[in-house]
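Asker: here you go, sequence then predicted model.
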Amino acid sequence: MNILSLTVGPIMTNCYLLCDEERKVCAVIDPGAEAGRIARAAESAGCAPVCILLTHGHYDHTGAVEELLKQYPGIPVYLSRRDQHDGAGSELTRLFPTLPSVTDYDEGDTVSVGGLTVSVLATPGHSAGSVTLLCGNAMFSGDTLFAGSCGRTDLATGDGDEMLSSLARLGRLGGEFRVLPGHMDASLLSRERAYNPYLLHALRG
């Protein structure tokens, strides 16, 4: 397993390529912008994208989906149904982009990327459909858990109480994980358990 990180778009979103180097395939996680650059990174890694995994539906994490699908037609796009809006003119419609047909995934689901298995945890708070993705010791936390912080909860379907519950759940996971968030720097879960004030507050209940 190899993980490549690209910071894309005006909001500096972290897009990740989760690569099975043996089988020469990868998942694209949160392609927020710069589809051409993402595709070139996959090509340089020698890994063909076989799916797009979205931690949530905000435009800064999904903006390059449509362009990537033009280059890789037919690959599935995964997004929790709770972030798949339908009501024209609603607040969600203004915040979330128009996406092509997507496949729902949710708590307990898994996605295969070559020989790798990605497990889905529902971690609402930043949005109702926010998920955290686990693969080996890698945690793709989207806009739930950041290094030293957490995601905002004042956008549509955000919820402060749900965020605290989600943070507590991540903090109580057994073992060590490399935290790969949707923005800013990577971290370690042990470091966040020790120093992240939001995670500490959540764990205290």
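Answerer: Received the coordinates, thanks. Numbering: from 1, shown residues only.
Asker: for the residue nearest the centre of the chain, helix, strand, or coil?
Answerer: Centrality entry for the chain: nearest residue to the mean C-alpha point is Thr55, 2.9 Å, by CA atoms, centre = their mean. When classified by DSSP: H, G, I helix; E, B strand; the rest coil, Thr55 comes out as coil.
Asker: which residue packs closest to it, ignoring adjacent ones?
Answerer: Gly142 (2.8 Å; CB to CB, 6 or more residues apart in numbering). All C-beta spots, glycine's among them, are computed from the backbone N, C-alpha and C.
Asker: count the residues that sit near that neighbour.
Answerer: For Gly142, the neighbour count with other CB atoms under 10 Å is 28.
Asker: same check on Ser165?
Answerer: 15.
Asker: contact partners for it?
Answerer: When contacts are counted by CB atoms under 8 Å, 6 or more residues apart in numbering, Ser165 is found next to 125, 202.
Asker: for it, give me phi and psi.
Answerer: Dihedral pair for Ser165: phi -60, psi -40, per degrees, to the nearest 10.
Asker: any low-confidence regions in this structure?
Answerer: Residues of the chain meeting the criterion pLDDT under 70: 85-97.
Asker: quick one: the helices in the chain?
Answerer: Using DSSP state H, the helices of the chain run over residues 35-45, 59-62, 65-71, 91-95, 160-171, 189-195, 197-204.
Asker: out of those, the one nearest Gly136 is which?
Answerer: Distance to Gly136, taken as CB to CB, is lowest for helix 189-195 among the helices of the chain, at 13.1 Å.
Asker: residues making contact with that closest one?
Answerer: 139, 145, 147-148, 170-171, 173, 176-179, 199-200, 203.
Asker: just stretch 150-164 next, same as before
Answerer: Residues outside stretch 150-164 that contact it (CB under 8 Å, 6+ apart): 58, 82-83, 91-92, 95, 124-130, 142-145, 167, 182, 196, 198-199, 201-202.
Asker: who wins for most neighbours among the contacts of helix 189-195?
Answerer: Counting by other CB under 10 Å, top hit in the contacts of helix 189-195: Leu145 with 32 neighbours.
Asker: surely it is in contact with Leu173?
Answerer: No: Leu145 is beyond contact range of Leu173, at 10.7 Å (criterion: CB atoms under 8 Å).
Asker: next up, the contacts around Thr60.
Answerer: Actually, residue 60 is Asp. It isn't Thr. Counting by CB under 8 Å, 6+ apart, Asp60 touches 9-11, 13, 32-33.
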